[in-house]
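Engineer: Got a predicted model here, sequence first, then my questions.
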Amino acid sequence: MTLPILYSLRNCPYAMRARIALFKANQPVEVREVKLNNKPAEMLQASAKGTVPILVLGDAASPSSIIEESLEVMLWALTQNDPDDLLLRDEQNVLPNMLKLIARFDDEFKACLNAYKCAKRYKEDNLIECRQACEVFIQELEERLSYTQDKYNAVEQPFIFSARESLVDIALLPFIRQFAKVERQWYLQSPYPKVKQWLNHYLQSVMFTKVMTKFEVWSPTN
């Protein structure tokens, strides 16, 4: 059986969340690690956009067999097999709400995160302002992780969207990881204990170690 092919870049957050979903779905793939400054012709033949992840399900010449966006790769994988019920199928009409939350972080938080990383890298004088813009989103996650209010009690909630792990957790994970690395010492002392606990849960997991396996850069002659 020919495996799906995943063009990937190890530390790209979009490729990372695609790999996490494929792992969670127990979906075997052939990982082709690439360098974006030397993209293989096979990758560009599959998708002219030339960014990762790209998942090729069959004939690379057939557009219907190409999945070009990370969230679409995640949904495809979990639709095939979702042993941990990350799509929360037993909760009515929940997927649109999960996708809405993911989209806001993908659009708004990612823009703030990019500005924060640039401010740190280029020693710009607006570093604190950029960090504070990100913190609006981090504080939201902290509040989501602190508790869920039911009819009678405040109950600990170890995951972002509900008391159970979901698509939201693994979709946001790579970007929160990036945030934590910008100013490492500040982050370690930051007032977000639940976010830090949630992130550490993933970064110290066997799952994350396996997903972050380092592959040699792929070439047709490998």
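Structural biologist: That came in fine, so what should we check first?
Engineer: how many neighbours does the residue nearest to residue 89 when sequence neighbours are not counted have?
Structural biologist: Distance criterion CB to CB, 6 or more residues apart in numbering; nearest residue to residue 89, sequence neighbours excluded, is residue 82 at 7.4 Å. Every residue, glycine included, has its C-beta placed from N, CA and C. A count of nearby residues for residue 82, using other CB atoms under 10 Å, gives 17.
Engineer: repeat for the one 10 residues further on
Structural biologist: The local packing count at residue 92 equals 7, with neighbours defined by other CB under 10 Å.
Engineer: in which helix or strand would I find it?
Structural biologist: Taking DSSP states H and E as the definition, residue 92 sits outside all helices and strands.
Engineer: can you list the domains in this protein?
Structural biologist: Taking automatic domain parsing as the criterion, the chain consists of the domains 5-86, 95-206.
Engineer: Show me how far the first one is from its chain's centre.
Structural biologist: Shown here is domain 5-86, whose average C-alpha point lies 13 Å from the average C-alpha point of the whole chain (CA atoms, centre = their mean, to the nearest Å).
Engineer: Likewise for stretch 167-182?
Structural biologist: That offset, for stretch 167-182, works out to 6 Å (CA atoms, centre = their mean).
Engineer: what's in contact with that stretch?
Structural biologist: 13-14, 16-17, 20-21, 24, 71, 74-75, 78, 86-88, 95, 98, 101-102, 105, 109-110, 113, 116-117, 120, 131, 134, 138, 141, 159-161, 187, 195-196, 198-199, 202-203 (CB atoms under 8 Å, 6 or more residues apart in numbering).
Engineer: Give me the buried subset of those residues.
Structural biologist: Listed as buried from those are 13-14, 16-17, 20-21, 24, 71, 74-75, 78, 86-88, 98, 101-102, 105, 109-110, 113, 116-117, 131, 134, 138, 141, 159-161, 187, 195-196, 198-199, 202; burial here means 16 or more other CB atoms under 10 Å.
Engineer: Average pLDDT for the longest helix along the chain, rounded please.
Structural biologist: What stands out as the longest helix in the chain, according to DSSP state H, is helix 127-146. In this model, helix 127-146 has a mean pLDDT of 96.
Engineer: same for that helix, what does it pack against?
Structural biologist: Helices and strands touching helix 127-146, by 3 or more CB pairs under 8 Å, 6 or more residues apart in numbering; DSSP states H and E, are helix 110-121, helix 167-182, helix 193-203.
Engineer: Quick one: those helices as CSV, columns for distance to residue 4 too.
Structural biologist: Putting these into CSV (distance: least, CB to CB, whole Å) gives the following:
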stretch, distance to residue 4
helix 110-121, 26
helix 167-182, 18
helix 193-203, 24
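Engineer: buried stuff in the longest helix of the chain?
Structural biologist: 127, 130-131, 133-135, 137-138, 140-142, 144-145.
Engineer: Likewise for stretch 30-46?
Structural biologist: Neighbour-count burial for stretch 30-46, with 16+ other CB under 10 Å as criterion, is recorded at 31-34, 40, 42-43, 46.
Engineer: So residue 73 sits against residue 24, correct?
Structural biologist: No. Using CB atoms under 8 Å, residue 73 is not in contact with residue 24; the gap is 11.9 Å.
Engineer: on that earlier part again, looking at the domains of the chain, which is nearest to residue 219?
Structural biologist: Of all the domains of the chain, domain 5-86 sits nearest to residue 219, with 6.6 Å by CB to CB.
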